[in-house]
Each structure stands twice: as C-alpha cells, then as structure tokens.
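Chemist: Generate coordinates for the sequence data below:
(one chain, ligands or ions: 1)
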Amino acid sequence: MQRRTVLKTLGLATAAQLTSARLLSQSSAMNAAMQGVDAFFNQVGYRPGDAKVATVRGAAPGQSNFRVRRAADNKVVFEGPLTAPQTDAASGDRVQQAVFTGLRDTGSFRVEFGGQGTFPLTISEHAYADALRITVRGYTGQRCGCAVDLGNGYHHPACHTNGAYGSSSGKSGTLTNHGGWHDAGDYGRYVVNSGITCGTLLWAWELYPQALHDLRLGIPKQHGNLPDYLEEVLWNLNWMVQLQEPDGGVFHKQTSDHFCAFILPQDDHLVSNVIGTGTAPYKSTAATGDFAAVMAIAARCYASYDGKLAAGFLAAARNAWTWAVAHPNVVFHNPSGVTTGEYGDNQVADELLWASAELWRTTGEPQYEQAFLKGLPSDLNGLRIDAPSWATVASMACWTYALAPAAGNAEIKAAIRQKTHEAAGQLMERSRNNGYANTLSEYDYIWGSNGVAGNQSLLLAMDHHFAPNHEAVDASLANLHYMLGRNCFGVSWVTGVGERPFMHPHHRPSAADNIVAPWPGLLSGGPNRRPGDPTAKTVPPGPPMRMWIDATEAYSMNEIAINWNAPLVFLLAFANTSASLG
Ligand SMILES: [Zn+2]
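Modeler: Prediction:
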C-alpha cells in the first residue's frame, strides 16, 4: 500500500470571528523565557525503569557534566556527563543530552548544570496515570448531542440537535441526534476519521486492558455495567451506527454545510446534515470500509458486557463489508455547496483490507480471510508496514491479521512481524540520532505531525508486542516525552497536562468560553513545515520543528483532532502497562 499524503481540507471562520483575547502571543513569551541554558524533558515525568533523557540547549563551552538533585533535601542523587554537542537538524538547535536512566528512585527532582536548575521532574510508577485519564476525558469534552460537564467551568448544554438529511444524501427529512464526538476544532462528525479513532482506541482496550479497565472518567453511565472507557467510545459508535443505511452502505459525514464561527456548540444553529456523494449510491467506500472494521472490533470488545450490543455491531460490520465489496471504489468529494472537512481519499482498497482482516479476526470465517489475502502483494517482499493515519490503514489490517487467534497463513504472519520490526528499526535509529530523540524525519513535520509521532509510537508498540524488546519501548515512549515537553519550545502539547502546556488550540469551545485555560486533554497538531493558513504563514521559515505557533487561528499548526488524540491515548495506555517495561 503506497503511502500518500492527503490533507484534511478545512475552511475557517474569518479572524474577526475569533475571540481576539485568545489571539496569541504566549508562544513568543514562552520562547523568551526558554532562552539561554535550559533542559527539556517530559513534564509529566518518567517511570523508574524507563530511559530518561533530557535535551540540553545552550550549555556553556566546557560544561561537561550535569547533576540531578532530589527536591526534598537538595541532595545530589545522580551525576553524569553531557553528551557531545550536536546540531539537531529538525530544530536547528545546538544540543546535548543528559542521560539519567540510571536514576531509578521515585520522587521529585531537578536537573542542574552550570548552576541552573530546572523545574521539578517526577519519577513515579504511576507517572502517566493522570495524563491518561485527562486525555480520555478529552473525548468526553468533544461529545455532541448531550450536555457536557468536565468541571471547572468546562461545560455546555446539548448541541446540534437539529439533524437532517442533506440533499446530497439522496434522502430528506430530519433525524435525531445520536451522539458522536465533535471531530476537531470544528463541530462536524466524520465517519472516516471516527474509523481510525475508534479503531485505535478499541485496540488500546484490547492490548492494554489493565491500564483502561478501571479508569474512572466521571461520565454518565448510560449502559449498565460497561467500564467507563467503553462507555465513552460507545458514544461515538452509536453515532456511526446511525449513518449506516439498511443496504449496508455508510454515509461519509454529518456536518453543517460550512463551518460555523468561533462560538460555543450550543450557539451553532446551522443544520447538521447527513452528507452523501450527491449521486447514487450516495455512501462512500472509505466510510463503509472503516465502519466495518470498527464495528468488527467493537463486536469483540463489548461481547463480554452486552452480547446483544456486540451482535448488533457484528451484523452492522458484515452488512457494511458486503456493501463495500459490491462498491469498491466510490470516492467521496465534497458535494456542491459543502465546504466542511472532506476526508477525501482516492485509494480505498486499504479500508476494505482492514475491514476484511478485522472481520476475520472476529469471526474466523474464510470469506474475510480470502478477501484480506487477495489484497496483499503477491510478493511478500512488497509488503509495506508504516505508521497508520486516517487515510492509510493497511498496517492496521496486517497487524490485526497477525494478532488474530485463528491460525491463518503462518508465512504471512511472520512477514508482517518482520516488516514491522524493520520499520520499527528505522524509527529507533532516528530516535537515537535526533537531538530531541523523537522518531520524526524532517518530512514527517506535516499537518498533524504530533499525530504522526503518536502513530509511529503505535508501530513501535506493535513491534514490542510481537517480539518484546526494550529498544522499541524506549523509542515509543520517546515520542511521548517529545509531545510532553522534550521539544524545542519546551511546551507540553497536551492541554492541561504538564508544567507548561500550550494554551491556544484551534478549538471553538476553548476560544469561545471566556476561560483562560483551554479545554483539557487535547493534543495540538504540532509543527508543520508547510504552513497552511494565514497565521501559520507568519511563522518565519525555519527548520521543521520550529514551524509551530501557539495561536488559535493557526489551524494547520494548532488544531486538535480526535484522530491525533487516539494514538496519544494508546501510547499512554501502553505507558501505564507494566508489561510495556520490556
Ligand atoms: Zn454538537
């Protein structure tokens, strides 16, 4: 499956429609504060057994050692040499690294060199527990169609209750709001993006149940005895189910015809239309394939709690798969008059591949395995494994085939594991060579680069799952450290998490609620070497990691999205699982 870049098409309210108080300048102030000598590390902390590396910028010539002091008594508990200076290509920074992996004590510490100390750093077995809970609750904050209250003033009444079938759907009339999550900074709901999001979240449930089963989210319990995590995902699954037609096909999205202004969700009175392709068969292959995959996963995850619900998911998956097989190439483009996110994808064979593999994993039935095998290259040397994205899900298909309990084709399962290990090896090498130790290449700094980092961590976690190895764990967590503070801005790219979280996401509720801090648990898209909006284009051209600004209007650098949060949740669940220590 060839990797391809498909950018989400976004419109934007005019700058005048934005809440001017949120227009930014914090990033420049933050950058100024970080001038001079400083050390960048995961602001949430580290587990005792993990690799611990701070990136140091601006150490004086001749400064060769660093110390770590325990905050409680100021005692030096670790001392070591800084690595040789190197120029980090992604940021342009001259950096060194302070490696203190050998420090396994728990508590609060400060890294110190040249007489300067950092803010406290935590080492704890449960370092990531709060971050996991906050990022999962980030989805609760994205709920559509019900009153939401995350506490601390982050609340809104029920929104978008005025659903209807748009003319492009081939239908007419109204429909009740069946939930779903607002996709990103806007209030649309999109099946394709819901597909990779729910798929990733449910995979986390299957792989790391000990981290997720007892998570307490403080959400309304609407479905008896479901664990909170499955309850939250169900909110979006129920909406997806609503977009399936009796023939099995699934509509691409439900949004207003254009984006609303930067207002709170309950103030958006544009009609929320089910949107189709405009001509028969109206539904799209990508949406239907992703839907089938997710429903097949859901059938596995919910079976032990509610057999009827799980059976319904499986029937929906089968029906969608049959439709997608019969309609293998219905590509979606925004119909005339619609300008919300397109999630257009011209190559949709991988969505059907994923659906086939998930249905086989769930049922063991031969027609699904045959469809999966038919979609693979005849020469297994041509099998490609890379980090998934909303548009490229072939790796998900391959991994689920390798994870399936049924025997399957041993040679193909081995090839999938081997190709995963090779791809993981490339990411590990990048982590070793990058000054900030993440796994991104310079070309990975695209729109949603933090989502790319999260999905590369997912790939590394899969490699560790297939063949446990500490190098994969370290490289996977390296991106968590990058997203939570070990980057050239010294910022945590998750709202409400870490000592210095970013403050101005492109997110309507955060901009319109008159609360200074944004809604919690949301991951910024991150640096983008190709700025895609007027505010992003004000960032001076520079190395790719530098191409970011903490500005509400900069949607190509600072939007949030459910599909970027999903690999972050996956990664945090992995990090909260003791087995992932390797
Ligand atoms: Zn809504």
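Chemist: With just CA atoms, put stretch 461-468 into CSV.
Modeler: Taking C-alpha atoms only, stretch 461-468 is exported to CSV below (Å, rounded to 0.1, in the frame of the first residue of the first chain):
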residue,chain,number,x,y,z
ALA,A,461,4.4,-0.7,20.5
MET,A,462,3.2,-3.3,18.0
ASP,A,463,6.8,-4.4,17.3
HIS,A,464,7.3,-4.8,21.1
HIS,A,465,4.1,-6.8,21.3
PHE,A,466,5.2,-9.2,18.6
ALA,A,467,8.8,-9.5,19.9
PRO,A,468,9.3,-7.8,23.3
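Chemist: Just the buried residues of it, please?
Modeler: By neighbour count on 16 or more other CB atoms under 10 Å, the buried set for stretch 461-468 is Ala461, Met462, Asp463, His464, His465, Phe466. From N, CA and C alone the C-beta is placed, and that goes for glycine too.
Chemist: what's the answer for stretch 176-187, then?
Modeler: For stretch 176-187, burial by neighbour count (16+ other CB under 10 Å) applies to Asn177, His178, Gly179, Gly180, Trp181, His182, Asp183, Ala184, Gly185, Asp186, Tyr187.
Chemist: And for stretch 38-48?
Modeler: Counting neighbours by 16+ other CB under 10 Å, stretch 38-48 gives Asp38, Ala39, Phe40, Phe41, Asn42, Gln43, Val44, Gly45, Tyr46, Arg47 as buried.
Chemist: Wait, the fourth one touches Val56, no?
Modeler: No: contact between Phe41 and Val56 fails when scored by CB atoms under 8 Å: they sit 9.6 Å apart.
Chemist: that older thread, farthest pair in the buried residues of stretch 176-187?
Modeler: Farthest pair in the buried residues of stretch 176-187 (CB to CB) is His178 and Gly185. Separation: 22.1 Å.
Chemist: would you list the buried residues of stretch 461-468 in JSON lines and tack on distance to the ion?
Modeler: Formatted as JSON lines, the buried residues of stretch 461-468 follow (distance: CB to the ion, whole Å):
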{"residue": "Ala461", "distance to the ion": "32"}
{"residue": "Met462", "distance to the ion": "34"}
{"residue": "Asp463", "distance to the ion": "38"}
{"residue": "His464", "distance to the ion": "38"}
{"residue": "His465", "distance to the ion": "36"}
{"residue": "Phe466", "distance to the ion": "40"}
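Chemist: Please flag which of these sit within strands.
Modeler: The members of those all map outside strands under DSSP state E.
Chemist: need the contact list for Gln254.
Modeler: Contacts for Gln254 (CB atoms under 8 Å, 6 or more residues apart in numbering) come out as Gly163, Gly180, Gly188, Arg189, Trp239, Leu243, Ser272, Asn273, Val274, Ile275.
Chemist: Phi, psi for His506 please.
Modeler: Backbone torsions of His506, given as degrees, to the nearest 10, read phi -80, psi 90.
Chemist: Kindly check the end-to-end length of stretch 370-388 for me.
Modeler: Length of stretch 370-388, first residue to last, CA to CA, to the nearest Å: 23 Å.
Chemist: likewise stretch 492-508?
Modeler: End-to-end for stretch 492-508, by CA to CA: 20 Å.
Chemist: buried stuff in it?
Modeler: 492-498, 500-508.
Chemist: List, one by one, the residues from the chain near the ion.
Modeler: Cys144, Cys159, His160, Pro265 (CB under 5 Å from the ion).
Chemist: who wins for most neighbours among the residues you listed?
Modeler: The residue in the residues of the chain next to the ion with the most neighbours, by other CB atoms under 10 Å, is Cys144 (26 neighbours).
Chemist: what sits against that residue?
Modeler: Cys144 neighbours (CB under 8 Å, 6+ apart): Cys159, His160, Asn177, Gly179, Gly180, Trp181, His182, Tyr187, Arg189, Trp239, Pro265.
Chemist: Verify the stated contact: the last one with Ser510.
Modeler: No: using CB under 8 Å, Pro265 is not in contact with Ser510, being 11.7 Å away.
Chemist: Could you pull up the residues touching the nearest residue to Cys159 once chain neighbours are set aside?
Modeler: Excluding its sequence neighbours, the residue lying closest to Cys159 (CB to CB, 6 or more residues apart in numbering) is Pro265, at 3.5 Å. Residues in contact with Pro265 (CB under 8 Å, 6+ apart) are Cys144, His156, Cys159, His160, His182, Tyr187, Arg508, Pro509.
Chemist: mind checking the longest helix of the chain?
Modeler: helix 410-433 (DSSP state H).
Chemist: tell me which element Gln254 falls in.
Modeler: Here Gln254 sits within strand 253-255, counting by DSSP states H and E.
Chemist: So which other helices or strands are in contact with the helix or strand following that strand?
Modeler: Moving toward the C-terminus from strand 253-255, the next helix or strand (DSSP H and E) is strand 272-275. Using 3 or more CB pairs under 8 Å, 6 or more residues apart in numbering; DSSP states H and E, the elements in contact with strand 272-275 are strand 163-165, strand 253-255.
Chemist: quick one: strands adjacent to strand 272-275?
Modeler: strand 163-165 (parallel), strand 253-255 (antiparallel) (DSSP bridges).
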